[in-house]
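> what shape does this take:
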Amino acid sequence: RMETDCNSMELPNNTGFEEDSDYRDFEGTDVKDMRLEAEAVVNDVLFAVSNMFVSKTLPCAEDVAYINVETRERNRYCLELTEAGLRVVGYDFDQTDDRLQTPYHETVYSLLDSLSPAYREVFGNALLQRLEALKRESQS
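Predicted coordinates for the structure are as follows:
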């Protein structure tokens, strides 16, 4: 590609625009990287489920990532994360079923709330503890 050849000749190596730089694809910077988004989702709610991780088997892309979750009730799900939100696409780790017509949820909280009463309880308790801690801080 002509523009690549020109760019590599015109830019000295110390500009910070190396191939592994965050800027290598700056024409698409408004597109979220769904793998990073999925990692953030997992980190947000891992404390309230038995197990949760981004799939290493199913393909991640800029517009889709897959998350495996096991609820405290020991039910396993494969979740699809896209710009539309999160939805269940399978009933085991790394499993997808194209026939499933499950609804999208805007947040992981909403999705887990609908799947797992134990999640709801743990998350609610954590929220209460945080509120009580904030109340104590403001009183001291």
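> please name the nearest non-neighbouring residue to residue 80.
Among residues not flanking residue 80 along the chain, residue 89 sits closest, at 4.4 Å (Cβ to Cβ, 6 or more residues apart in numbering). (C-beta placed from N, C-alpha, C; glycine too.)
> who touches the residue nearest to the spatial centre of the chain in this structure?
In the chain, the centroid-proximal residue (Cα atoms, centre = their mean) is residue 38; its distance is 1.5 Å. Each residue near residue 38 by Cβ atoms under 8 Å, 6 or more residues apart in numbering is listed here: 54, 60, 65-67, 81.
> below-threshold pLDDT in this protein: ranges please.
1-32 (pLDDT under 70).
> which helix in this structure runs the most residues?
Ranked by residue count and defined by DSSP state H, the top helix of the chain is helix 117-139.
> pretty sure the residue nearest to the centre of the chain sits in a helix.
Yes. Counting by DSSP: H, G, I helix; E, B strand; the rest coil, residue 38 is found in a helix.
> chain neighbours aside, what residue packs nearest to it?
Going by Cβ to Cβ, 6+ apart, residue 38 has residue 65 as its nearest residue, at 3.8 Å.
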